[in-house]
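Trainee: Test case, fold it:
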Amino acid sequence: MRVKRLLLSVAALVLVAGIVIGGWTFYDAWQMGVLPWQPEPTRIVVTPFADLPTPSATPGN
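Mentor: Residues are numbered from 1 along each chain as shown. So this is what the prediction gives:
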């Protein structure tokens, strides 16, 4: 009976530790937005140097 109670206590401790660690990992992944069902942010196309002012003496104008 004593061994059975010890085994049950160890199993309960391992289960609680697993739930705590799993919950912490899930929370961190949720905060970072890396869960598989979270949508990707909308990508915006950015053209480099598109809106920079150019001097009037630039060849090609």
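
Trainee: Tell me which helix or strand residue 18 sits in.
Mentor: helix 2-32 (DSSP states H and E).

Trainee: So what's the gap between that helix and the chain middle?
Mentor: Remark: helix 2-32 is offset 22 Å from the chain centroid, using Cα atoms, centre = their mean, to the nearest Å.

Trainee: same deal with stretch 42-49?
Mentor: In terms of Cα atoms, centre = their mean, the centre of stretch 42-49 is set 23 Å apart from its chain centre.

Trainee: Near residue 16, how many residues? Count them for me, please.
Mentor: Neighbour count of residue 16, defined by other Cβ atoms under 10 Å: 10. Placement of C-beta: from N, CA and C, glycine included.

Trainee: And residue 54, by the same measure?
Mentor: There are 9 residues near residue 54, going by other Cβ under 10 Å.

Trainee: now residue 29
Mentor: Per other Cβ under 10 Å, the neighbour tally for residue 29 reads 13.

Trainee: swap in residue 11?
Mentor: If you count neighbours by other Cβ under 10 Å, residue 11 ends up with 10.

Trainee: likewise residue 8?
Mentor: 10.

Trainee: cool, and the one 4 residues further on?
Mentor: Applying other Cβ under 10 Å, we find 10 residues neighbouring residue 12.

Trainee: ok, residue 55 to residue 12 distance?
Mentor: As defined by Cβ to Cβ, to the nearest Å, residue 55 lies at a distance of 75 Å from residue 12.
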